[in-house]
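**Student:** Turn this into a structure:
(chains A and B)
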Amino acid sequence: MADKEKRRSGATPPGMTEGKATKSDSDREFLSQAGVGELLRGAILKMVEARSDDPIGFLADHFCNLASASETGTAGGSDGDHLNNGPLSAGAQEQQHLNRALWHLRLTHHSQRSAFSNNVRVAYDLLNLTGPLRRSGEAPEAPDGSCTDSPTEGGGGVKGGLYTQTLQCLCSEGGVPASTSAPLLQRLHCQDHEAVPYDIFRHGVLTCAVFSDYIRQAQRLYAEVCCPDEGPASRPLCLAVLGTLKEALETSQGCEANCCDNANTKVNPCLEANVKALRYLEASAKISPDKLGQAMAGAQTRGPGGNMDAKEFENAAAELFITRVKVVS
Amino acid sequence: MSGSSDDITPVSCTIKPPVHLQIGDAKADAAQSGVCVVDVTLPFGKPVHIKDITFKNHYTASVTVRLLRRSPGQEAPAKWCTALRDLPLMENPHTEGGSQDYCSVHRAQMQVEPDHVISVRLILRQPSSAWLTFSLEDISIFPHNPEKEVSDWLSDLTLVEQHPDLEGLTDPQTVSSSIQQMWALTEVMQTNQTTASIGRYDVDGCYDIKLLSLT
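**Tutor:** Residues are numbered from 1 along each chain as shown, chains lettered A, B, ... in the order given. Below is the predicted model:
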């Protein structure tokens, strides 16, 4: 920040008169008054965290977001009469919060675990604030979102409806068609009157992010499996390929089930880790190129069995994923 | 042991009738010496790794377990060894304590590894003259499935030698890498499942039958 200021003042040609020197001072004053240094520092920090591929787009989004945030802030502050404009501005405010929360959630990919978790936390706190802002008289509760709080609105959790909307937006922005994401949302959604604690919010958001990646991958897989000029892929081939994935998932799932401890047995953690590692190895062996080659050749020899179009393939792959998602209750 | 698929069914074995050792002439009315031998033969040709031996005591004071083991290999001789010497089953041979207990002898208690066992010999001792007869009932032997180590599994992996006919099909490498990514994504989702609940079906912490909560 200081560099920028120096650069700015340094841009004036060196052999300048004193008049110019005072101008650079006033420049510096102006910049510090406007708080530009903080703005830029915040922007650069966010950019480093997000490491997006499109820095200019990212910075543009960032400043748009800040602009809308400051608008809401001033609007809320200047609005002294909550009662009259209550319902209208509440709804609009909710939308604002939702947009900002979504912006935060879009910042990093879910694979960057710590940055993603931070963003989820920020988004949760944003959505959690919808309650207390409306009721200005109430003492604001800590946006803890822990399950020990009584499940009342406002500070005790995110509103169920808002949470479901967040998930829907995440899925649609991730390129998942509504029909494919519907069964997933069925498992994750919450009723409007329910307050969603942080753990469930995070779980839902992460699942949707992973799901959109998964569906994109499935679409790519279909493109690979079917020969592009020959139209839709053969059904037995698609089923064979998805079958190997299903087998691998079931094998690694077996280790989850077996590792539930009997309270009476003394569990050796080394042994458990060993068993888990073994299961993962077994599962991954099932989807090695050799095994897949075998499965594909086997399907080929079984002869024609009709075609499977992209949509059906996508739905079949989605089902494999969705059946393993725990229902929120 | 968590994670191992333990067999609950015992190995089918033949339990020979107990042979009481007697002093002196068998025909004469000789006193019982208080030592009895029970042979348990395991199915022929299938040596067993024993996990444990369970039985019900019937007034036996102590038991010695001997195993006939044959290490794998064509010409390895079978050898007898003592797995457990004089395990007390009754605190006091003259009193009732422990006389009808259910007992089990685990492989961890044995002095030798009970692997590749062909036959088991149980030597029962009851020095007290208070009891007319003594024996062990319901003898069962449970097999042990050794946990496969990762290294064992890796060495078991054989490369697929035959190259399947893949005419007109996509390269299985690309398909495999896509499938692997999908598998990994699903695993990520599963490992991040939360146990938190939103309390949808909780009834305000009220489980008393007399107080029905009408929320």
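
**Student:** helices and strands of chain B: which one bottoms out on pLDDT?
**Tutor:** Across the helices and strands of chain B, mean pLDDT, DSSP states H and E gives its lowest value to helix B:150-156, namely a mean of 69.

**Student:** Check which element follows that one along the chain.
**Tutor:** Next in sequence after helix B:150-156, counting helices and strands by DSSP states H and E, comes helix B:172-191.

**Student:** Could you say which helix or strand holds residue B:63?
**Tutor:** Following DSSP H and E, the helix or strand that holds residue B:63 is strand B:62-70.

**Student:** quick one: contacts of the next helix or strand after that strand?
**Tutor:** Per DSSP H and E, the first helix or strand lying C-terminal to strand B:62-70 is strand B:78-88. Contacts with strand B:78-88, where a contact means Cβ atoms under 8 Å, 6 or more residues apart in numbering or on different chains, come from B:61-70, B:105, B:109-112, B:114, B:118, B:121, B:125. Every C-beta, even on glycine, is put in place using the N, C-alpha and C of the backbone.

**Student:** Would you mind pulling the contact partners of stretch B:46-57?
**Tutor:** Against stretch B:46-57 from outside (Cβ under 8 Å, 6+ apart): B:6, B:10-11, B:42, B:65, B:67, B:69-70, B:72, B:89-90, B:98-107, B:114-118, B:120, B:136-146.

**Student:** what's near enough to touch residue B:42?
**Tutor:** Applying Cβ under 8 Å, 6+ apart to residue B:42 gives the contacts B:11, B:13, B:48, B:117-120, B:141.

**Student:** Please check these and keep the buried ones.
**Tutor:** Buried by 16 or more other Cβ atoms under 10 Å in any protein chain shown: B:11, B:13, B:48, B:117-120, B:141, out of these.

**Student:** closest to chain A among those residues?
**Tutor:** If you rank those by distance to chain A using Cβ to the nearest Cβ, residue B:141 comes first, at 20.9 Å.

**Student:** Could you give the bridge partners of that closest one?
**Tutor:** Residue B:141 has these beta-bridge partners by DSSP bridges: residue B:11, residue B:53.

**Student:** What are the neighbouring residues in contact with it?
**Tutor:** Applying Cβ under 8 Å, 6+ apart, the residues near residue B:141 are B:10-11, B:13, B:40, B:42, B:48, B:50, B:52-53, B:120.

**Student:** Over to the nearest residue to residue A:112 once chain neighbours are set aside: give its phi and psi.
**Tutor:** Among residues not flanking residue A:112 along the chain, residue A:51 sits closest, at 7.7 Å (Cβ to Cβ, 6 or more residues apart in numbering or on different chains). Main-chain dihedrals, residue A:51, degrees, to the nearest 10: phi 50, psi 50.

**Student:** how many other residues sit next to residue A:51?
**Tutor:** A total of 13 residues lie near residue A:51 under the criterion other Cβ atoms under 10 Å in any protein chain shown.

**Student:** before we move on, what about the one 4 residues further on?
**Tutor:** Neighbour count of residue A:55, defined by other Cβ under 10 Å: 11.

**Student:** does the residue most central in space within chain B count as helix, strand or coil?
**Tutor:** Central residue of chain B (Cα atoms, centre = their mean): residue B:51, 3.1 Å from the mean position. Under DSSP: H, G, I helix; E, B strand; the rest coil, residue B:51 falls in the strand class.
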